[in-house]
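[1] coordinates only, sequence not included:
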């Protein structure tokens, strides 16, 4: 693995397992902080997201301990408890412990165990052209948002949006990540010195958005088209509360602040260009590809060397264009801000291993 000297044994194992699960078909995020009311509670080593059908999704937390004394029994209890707390579908413990008893205990507590024998086989880097998480964090730590986000560095912004994947796979999470995406789109357009790193964040945040909306649409995939469009439109405009919930708040605001201020706020929401998003995500042909597009965009975010938006595939360029339209950024101006390359519309499909490797381990 690239830059192994800069990684601890635990970090190296997390990276190897992330690459393994990526090649097995999952969307994978490494090192997510589980937060509550702004407080860091614990870390999730790997978050796996899978789509097995139009109706079903899998969310899995993975705990990884690459130590001489892995405390496997405790990690199984911890991982299972976190799975229940997050309402996930499964949990995995990767441990150097090779005792058969660990598997028995894992089965007893509904936890998949990847033992030392399994981990010892993960000795090659599946993606030598991919940045490690440590390399990406180092890059992002060099930049700060001096005005928009109270002097926070980009690494902090990245950690915040990762955390939303654990608890906010809903319209609230979508709209919050959308605001952050707009910030990085503008940075990529206007700040040449930070353009490459900002564009990596655009790819990653856009992949997060697609995972969130993929999780949302599973519940409305087979309802009437007009009703589906209404639910999406209300969600993009009013968040989890929906229009009815916001109307109740507006009614309360009228009593407190008066009719004029409340109506102005409602008009602002109504005038948001959410029809752009509703029209795109309500189409069945787009909805069924959200998961695969998210994986491709995540791959672009970590790709080394950097691939600029002029060279990405047509369908990914189309998704990016939708977001540019929503944020009122001129498409031509955005794409022309990058140097022209000889290669365009590169095939960035992600090679996958034989998924049967996981059939006995991961549901």
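    That came through fine. Bear in mind the structure is a predicted one, so any value in this text is a computation, not a measurement.
[2] where's residue 167 relative to residue 47, distance?
    Using Cβ to Cβ, to the nearest Å, residue 167 is found at 11 Å from residue 47. Placement of C-beta: from N, CA and C, glycine included.
[3] For the stretch 101-250 of the chain, give me the ranges with low pLDDT.
    123-126, 241-250 (pLDDT under 70).
[4] who has more neighbours, residue 167 and residue 47?
    residue 47 (25 against 16; other Cβ atoms under 10 Å).
[5] quick one: that one and residue 33 touch, right?
    No. Applying Cβ atoms under 8 Å, one finds residue 47 not in contact with residue 33, separated by 11.0 Å.
[6] residues in contact with the closest residue to residue 130 other than its chain neighbours?
    Nearest residue to residue 130, sequence neighbours excluded (Cβ to Cβ, 6 or more residues apart in numbering): residue 302, at 4.8 Å. By Cβ atoms under 8 Å, 6 or more residues apart in numbering, the contact set of residue 302 is 127, 130-131, 136, 200, 204.
[7] measure residue 302 to residue 293 for me?
    Applying Cβ to Cβ to residue 302 and residue 293 gives a distance of 16 Å.
[8] same check, this time on residue 87
    Residue 87 is 25 Å from residue 293, by Cβ to Cβ.
[9] what about the two, which has more around it?
    Set side by side, residue 87 and residue 293 show more neighbours around residue 293, with 20 against 8, by other Cβ under 10 Å.
[10] pLDDT at that one, what is it?
    We note a pLDDT of 98 for residue 293 in this prediction.
[11] Same check on the one 5 residues further on?
    The predicted local distance difference test score for residue 298 is 98.
[12] can I assume it is in contact with residue 201?
    No. The criterion here is Cβ under 8 Å, and residue 298 misses it with residue 201 at 11.8 Å.
[13] These two: which is more packed in?
    Higher neighbour count among residue 298 and residue 201: residue 201, with 26 against 22, using other Cβ under 10 Å.
[14] List the contacts of residue 56.
    Here residue 56 is in contact with residue 218 (criterion: Cβ under 8 Å, 6+ apart).
[15] quick one, phi/psi of it?
    Dihedral pair for residue 56: phi -120, psi 140, per degrees, to the nearest 10.
[16] what about it, distance to residue 89?
    9 Å.
[17] residue boundaries of the strands in the protein?
    27-36, 39-51, 57-65, 90-95, 112-114, 144-145, 152-153 (DSSP state E).
[18] and of the ones you listed, who's closest to residue 288?
    Distance to residue 288, taken as Cβ to Cβ, is lowest for strand 39-51 among these, at 9.3 Å.
[19] hang on, the earlier thing: tell me the confidence at the residue nearest to residue 130?
    The model's pLDDT for residue 302 equals 97.
[20] domains in the protein, as residue ranges please.
    Domain assignment for the chain, taken from automatic domain parsing, gives 4-128, 131-303+308-347.
[21] I'd guessed residue 315 sits against residue 289; true?
    Yes. Taking contacts as Cβ under 8 Å, residue 315 lies within contact range of residue 289: 7.3 Å.
[22] Surely residue 34 is in contact with residue 82?
    Yes. Assessed by Cβ under 8 Å, residue 34 is found in contact with residue 82 at 7.5 Å.
[23] For those two, list the residues in contact with both.
    42, 44.
[24] Report the distance from stretch 307-325 to the chain centre.
    In this view, stretch 307-325 has its centroid 18 Å away from the chain centroid, taken as Cα atoms, centre = their mean, to the nearest Å.
[25] just to revisit the earlier point, reformat the contacts of residue 302 as a markdown table; add distance to residue 52.
    Listed next are these as a markdown table, based on distance: Cβ to Cβ, whole Å:
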| residue | distance to residue 52 |
| --- | --- |
| 127 | 24 |
| 130 | 25 |
| 131 | 29 |
| 136 | 29 |
| 200 | 29 |
| 204 | 24 |
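[26] Can you get me the start-to-end distance on stretch 60-73?
    End-to-end distance for stretch 60-73, by Cα to Cα, to the nearest Å: 19 Å.
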